[in-house]
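A.B. asks: Sequence plus predicted model, see below.
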Amino acid sequence: MWQKFVAGTCVMTGALGFGWSLCREMSSDIQHLKLQKQILIYMIGEITYLHRPMEEIFDIIAEKIQPPYDVILSDISHKMKEREGKPLPSLWRETICSLHGKTQISENVLAYLEKMGDCFVCEGDRMQVGTLELFEAELEREIDRLTVKKDENSRLIKALSTLTGILCIILFL
């Protein structure tokens, strides 16, 4: 009899863990997009008020931001200082493409990070700041969309995982 209790507990733990894992993954995407938005805000401030070059801006932001973005920004800054003759958007794209499959960042979030590199094509501070602000608005809309989706789906996912666990226990007993 105690074996059935242990098996039922394991099944419920697995079902609940799966549901919580899905909810955590949705929250992780939102957190990563918020970090990207924070990077954009730092960039806009540095360009607007201090007119620093991008490699200095990346170094400054790398000190303020959480992993894995600190490593990404410092890597891009290091590549810019080497001056291999490549423009910033291509360095950005190469660095982000090298992250696919090697990091815990989801593909959707990496796609937005890759799109951020397109903002560096513009010449002049005003154009670049305007482009970064437009991209920031796009990120904000995506964060809002994912937050609504998470709120709608998280209760459903948790309830369904609980019911699935109960159903499995009933079927196997």
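C.D. replies: Sure thing, it's come through. Numbering: from 1, shown residues only.

A.B. asks: which secondary structure elements does the helix or strand hosting D144 contact?
C.D. replies: Assigned by DSSP states H and E, D144 falls within helix 125-172. Packed against helix 125-172, as judged by 3 or more Cβ pairs under 8 Å, 6 or more residues apart in numbering; DSSP states H and E, are the following elements: helix 2-45, helix 107-116. Every residue, glycine included, has its C-beta placed from N, CA and C.

A.B. asks: quick one: the longest one to helix 107-116, angle?
C.D. replies: When you say that, I think you mean helix 2-45. Between helix 2-45 and helix 107-116, the angle comes out at 10 degrees (axes from the mean of the first three to the mean of the last three Cα atoms, to 10 degrees).

A.B. asks: Now the element after helix 2-45, going C-ward?
C.D. replies: Using DSSP H and E, the next helix or strand after helix 2-45 towards the C-terminus is helix 54-64.

A.B. asks: which is the next helix or strand following that next one?
C.D. replies: Heading C-terminal from helix 54-64 (DSSP H and E), you reach helix 69-82.

A.B. asks: residue contacts, the residue nearest the centre of the chain?
C.D. replies: By Cα atoms, centre = their mean, the mean C-alpha position of the chain lies nearest to H32, the distance being 2.7 Å. By Cβ atoms under 8 Å, 6 or more residues apart in numbering, the residues touching H32 are I105, S106, V109.
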